[in-house]
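Chemist: Next come a sequence and a model predicted from it.
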2 protein chains.
Amino acid sequence: MGLVVQKYGGSSVADAEGIKRVAKRVVEAKKNGHQVVVVVSAMGDTTDELMDLAAEVSPVASGRELDMLLTAGERISMALLAMAITSLGHEAQSFTGSQAGVITDAVHNKARIIDVTPGRIRSSVDQGNIAIVAGFQGVSQNSKDITTLGRGGSDTTAVALAAALDAEVCEIYTDVDGVFTADPRVVKKARKIDWISFEDMLELASSGSKVLLHRCVEYARRYNIPIHVRSSFSGKPGTWVGSPQHERQQEGEAVEQAIISGVAHDTSEAKVTVVGVPDKPGEAAKIFRAIADATINIDMVVQNVSAAATGLTDISFTLPKSEGRKAIEALEKRRAQIGFDALRYDDQIAKISLVGAGMKTNPGVTATFFEALSNAGVNIELISTSEIRISVVTREDDANAAVVAVHTAFGLDSDSDEAVVYGGTGR
Amino acid sequence: MGLVVQKYGGSSVADAEGIKRVAKRVVEAKKNGHQVVVVVSAMGDTTDELMDLAAEVSPVASGRELDMLLTAGERISMALLAMAITSLGHEAQSFTGSQAGVITDAVHNKARIIDVTPGRIRSSVDQGNIAIVAGFQGVSQNSKDITTLGRGGSDTTAVALAAALDAEVCEIYTDVDGVFTADPRVVKKARKIDWISFEDMLELASSGSKVLLHRCVEYARRYNIPIHVRSSFSGKPGTWVGSPQHERQQEGEAVEQAIISGVAHDTSEAKVTVVGVPDKPGEAAKIFRAIADATINIDMVVQNVSAAATGLTDISFTLPKSEGRKAIEALEKRRAQIGFDALRYDDQIAKISLVGAGMKTNPGVTATFFEALSNAGVNIELISTSEIRISVVTREDDANAAVVAVHTAFGLDSDSDEAVVYGGTGR
């Protein structure tokens, strides 16, 4: 039996009862013979309450001090969890990110982990303790200031510690049963995925699946640490995320990779269309330089076929709705320089993505995808593909119907065991 | 202009408004040309709330984890104060006890400071920042665990930093105007003391005055750092505590030391009388060994004159009421070995103390003291003296009348400027 890292989010430790429930589960893993390292987030709404306090004392909270403030949240939850474990008769010690050796860059509020030196954690577990580590926080390499890791930071802490400690697995406990073939709130027949590759999980994460963040999966892939996403409210196994090597360990022998892992959707994006752009070299570059200079991240980009008569074309791209205004302003400012007829902005869109490494070698996936959308009466506005993903943009109102139709078409519904026969001539 | 250390307690930073008020005062000191280091306690009831949470998850909270939990309190207040200062246009950086170099022993929940290495604080203020330091906490020398300093810990942090940084003064901001000649709630004519020696302040602190704790004054005396106790709600000067050297600096030239600094009273003690103890060598030792083995601190000890007929005597001592039961049990357990007739326990007592270095050289102080009590109809049950203090035990119900009478008798009342003529032949 080796070492496991378990991570519990804020909803799992929201109150004293939750902390005691988590303590029992942690002790169970220890009793099963594992060395256990636990990463915790702040309790429930603590972080929001601290942010409110910060807003009350200062309209512009500085990065360094905001990090100092927010890290109080995990300090509270980790100390309480250690106490709860001790009162179950097991030894536990809590450690701040800094004490646990989580070394980051100096970018406050969204620092990146650059090294993990878990000497104190290793020696604590080797002495028989359960080690509790504050998620979401670290210490900057040069200035020794306290930093926070930003969104998804606690999951990343857990994976980083698992890598540094060469853990058997990083268990991410959450309030859902695992990763599903589609959002279960939209697709009633969505199925829990038992096993998924790092690559497919990365594509799902960038396509709107919210269970794991891209950043955490990317870290796990780089260090080849399997993740087990599961519910803190039940004992059921959840979803394993890993490499083929882990799959073999899990299953005894490698099973055929599922063709399609799942269907993701995302309604947080908007679409900008630049109309009447001269179809000549350098035009697209001018547009996206303007966007980049405004530090806006874009997602899909599509250029229409040029109308021969005019020599003009349209370029569309998608971006987070929150960046919409900034993008329009950036483009208007360079209108003369870029030379376009009009800008169109549309935030009533949805992105539907089909993810699965199997599509590389299975012809007809794209055709089946488009047929399913067509049969459901869903119009496609943009298309974009990667090696293992196809995404389309539709009307936001059509999103749910589209996801359900595609989910069924690829045999992902939980009561359907039929293989799907692909027609057509590949994608 | 040198460096000042300012300390603000929990009531001064109880909410966002309080924090903003403190920020303004800190900035004022900086504008006056000082380097400023600020020590803060946790906001208002934070510590109590965290203790409640700890009790909810575990009946026996361990020292190490309780310290980890409680130190979250100052982390919140210090980060918020730094933000509030920054929003006033000044640079501020907050530091945990550990970052500030407050090194302690490993006794959790009541650690003692064994060294202060304030390199980061020094370099922060040298760069022009206001440094904010978490009070009440440190890091243990060998295990590098987070510790808390126990009662009065934030005041001690402030004095220790002031000593290590060679500060001009350690300003302790509180919710009263300074140290008074008696408790103003009891004596309406109590006068604020402008200047008091370390020695007299130490005696007042051990006699029931609660403005400064013994521990903090002792530290200041050892390193010869003057303390200025003052209100965080007004701009008025408070009470300076220091050595004769500081008094000269304050006043231009040394003024005659006041004969009596003040009258303190304490109703938190109880009296134990061991009745019918054989009047022979070793008996008192047995009694106080029993008490010491139960780790009980005692205060006054008085042995009556032995009754010649019986060869038996009575021994009385006072101790905190909270230790009463433990002391009685400890003595009963060794009753046979010690050999006494009976134990009497009385928790309806008060201790009245008169403090002042001047009493050493002014005859008649004791007589005046006892006459004042007698004229007020107050009966004396025990008497105990030191070089610069006389304490008596009275009925608890008589305490207020006794304090008022003594305060008046020594000319301490604020509207009385008359010198007091001492009768009698010395104490």
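Modeler: Nice, I can see it.
Chemist: C-alpha from now on. contacts and neighbour counts both.
Modeler: Noted.
Chemist: which SSE is A:Lys236 in?
Modeler: Assigned by DSSP states H and E, A:Lys236 belongs to neither a helix nor a strand.
Chemist: what does A:Leu204 give?
Modeler: helix A:198-206.
Chemist: right, and the helix or strand after the lowest-mean-pLDDT helix or strand in chain A?
Modeler: In chain A, no helix or strand scores lower on mean pLDDT, DSSP states H and E than helix A:244-251, which sits at a mean of 71. Next along the chain after helix A:244-251, taking DSSP H and E as the criterion, comes strand A:262-266.
Chemist: Leaving out the residues flanking it, which one is nearest to A:Leu354?
Modeler: Once flanking residues are discounted, A:Leu354 sits nearest to A:Val263: 4.7 Å by CA to CA, 6 or more residues apart in numbering or on different chains.
Chemist: Would you confirm that that neighbour contacts A:Ala182?
Modeler: Yes - using CA atoms under 8 Å as the test, A:Val263 is close enough to A:Ala182 to be in contact (5.0 Å).
Chemist: Quickly list what's touching both of the two.
Modeler: With contacts taken as CA atoms under 8 Å, 6 or more residues apart in numbering or on different chains, the residues that reach both A:Val263 and A:Ala182 are A:403, A:407.
Chemist: How many neighbouring residues does A:Lys188 have?
Modeler: When counting by other CA atoms under 10 Å in any protein chain shown, one arrives at 12 neighbours for A:Lys188.
Chemist: How much space separates it from A:Ala330?
Modeler: 42 Å (CA to CA, to the nearest Å).
Chemist: Same question for A:Arg112.
Modeler: On the measure of CA to CA, A:Arg112 and A:Ala330 end up 29 Å apart.
Chemist: higher neighbour count, those two?
Modeler: Using other CA under 10 Å as the criterion, A:Arg112 and A:Ala330 rank with A:Arg112 on top: 23 against 19.
Chemist: Give me the spatial nearest neighbour of that one, chain neighbours excluded.
Modeler: Leaving aside its chain neighbours, A:Arg112 sits nearest to A:Thr104 (5.4 Å; criterion: CA to CA, 6+ apart).
Chemist: got a list of what that neighbour touches?
Modeler: Counted by CA under 8 Å, 6+ apart, A:Thr104 has contacts A:111-115, A:138-141, A:147.
Chemist: List only buried entries from the residues you listed.
Modeler: Neighbour counting with 16 or more other CA atoms under 10 Å in any protein chain shown marks A:111-113, A:138-141, A:147 as buried within the contacts of A:Thr104.
Chemist: residues from the stretch 1-150 of chain A in reach of chain B?
Modeler: A:16-17, A:19-20, A:50, A:53-54, A:56-62, A:64-66, A:68-70, A:72-73, A:75-84, A:86-87, A:93-94 (CA under 8 Å from any CA of the partner chain).
Chemist: before we move on, the earlier item: export the contacts of A:Thr104 to JSON lines and tack on pLDDT and secondary structure?
Modeler: Converted to JSON lines, the contacts of A:Thr104 look like this (pLDDT from 0 to 100; DSSP: H, G, I helix; E, B strand; the rest coil):
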{"residue": "A:Ala111", "pLDDT": "93", "secondary structure": "coil"}
{"residue": "A:Arg112", "pLDDT": "92", "secondary structure": "coil"}
{"residue": "A:Ile113", "pLDDT": "94", "secondary structure": "strand"}
{"residue": "A:Ile114", "pLDDT": "94", "secondary structure": "strand"}
{"residue": "A:Asp115", "pLDDT": "95", "secondary structure": "strand"}
{"residue": "A:Gly138", "pLDDT": "96", "secondary structure": "strand"}
{"residue": "A:Val139", "pLDDT": "96", "secondary structure": "strand"}
{"residue": "A:Ser140", "pLDDT": "95", "secondary structure": "strand"}
{"residue": "A:Gln141", "pLDDT": "93", "secondary structure": "coil"}
{"residue": "A:Thr147", "pLDDT": "95", "secondary structure": "strand"}
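Chemist: Which two of those have the greatest separation?
Modeler: A:Asp115 and A:Thr147 (13.5 Å; CA to CA).
Chemist: does the residue of chain A most remote from its centre count as helix, strand or coil?
Modeler: In chain A, the greatest distance from the average C-alpha position (CA atoms, centre = their mean) is reached by A:Ala309, at 44.8 Å. Three-state call for A:Ala309 (DSSP: H, G, I helix; E, B strand; the rest coil): coil.
Chemist: any idea how far A:Asp279 is from it?
Modeler: 11 Å.
Chemist: could you dump stretch A:51-71 to CSV, C-alpha only?
Modeler: What follows is stretch A:51-71, C-alpha atoms only, in CSV (Å, rounded to 0.1, in the frame of the first residue of the first chain):
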residue,chain,number,x,y,z
MET,A,51,-13.4,39.2,-0.1
ASP,A,52,-16.4,41.2,1.2
LEU,A,53,-14.3,42.4,4.2
ALA,A,54,-11.5,43.4,1.9
ALA,A,55,-13.9,45.4,-0.3
GLU,A,56,-15.1,47.2,2.8
VAL,A,57,-11.7,48.4,3.9
SER,A,58,-10.2,49.1,0.5
PRO,A,59,-11.6,49.6,-3.0
VAL,A,60,-8.3,48.3,-4.5
ALA,A,61,-7.0,45.3,-2.5
SER,A,62,-3.4,44.6,-3.4
GLY,A,63,-2.3,41.2,-4.6
ARG,A,64,0.1,40.5,-1.8
GLU,A,65,-2.3,41.5,1.0
LEU,A,66,-5.3,39.8,-0.6
ASP,A,67,-3.3,36.6,-0.7
MET,A,68,-2.3,37.0,3.0
LEU,A,69,-6.0,37.5,3.8
LEU,A,70,-7.5,34.7,1.8
THR,A,71,-5.0,32.1,3.0
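Chemist: Tell me the buried residues in it?
Modeler: A:53-58, A:61-71.
Chemist: show me what contacts the residue nearest the centre of chain A?
Modeler: The centroid of chain A falls nearest to A:Leu213 when counting by CA atoms, centre = their mean (1.6 Å). For A:Leu213, the contact set (CA under 8 Å, 6+ apart) comprises A:152, A:205-206.
Chemist: Give the other helices and strands that the helix or strand that contains A:Glu218 contacts.
Modeler: Assessed by DSSP H and E, A:Glu218 sits inside helix A:214-223. Judged by 3 or more CA pairs under 8 Å, 6 or more residues apart in numbering or on different chains; DSSP states H and E, helix A:214-223 is in contact with helix A:153-164, helix A:198-206.
Chemist: okay, and for chain A, where does confidence drop off?
Modeler: A:248-258, A:305-308, A:416-427 (pLDDT under 70).
Chemist: Verify the stated contact: A:Asp115 with A:Val102.
Modeler: Yes - A:Asp115 is in contact with A:Val102 according to CA under 8 Å; the separation is 6.4 Å.
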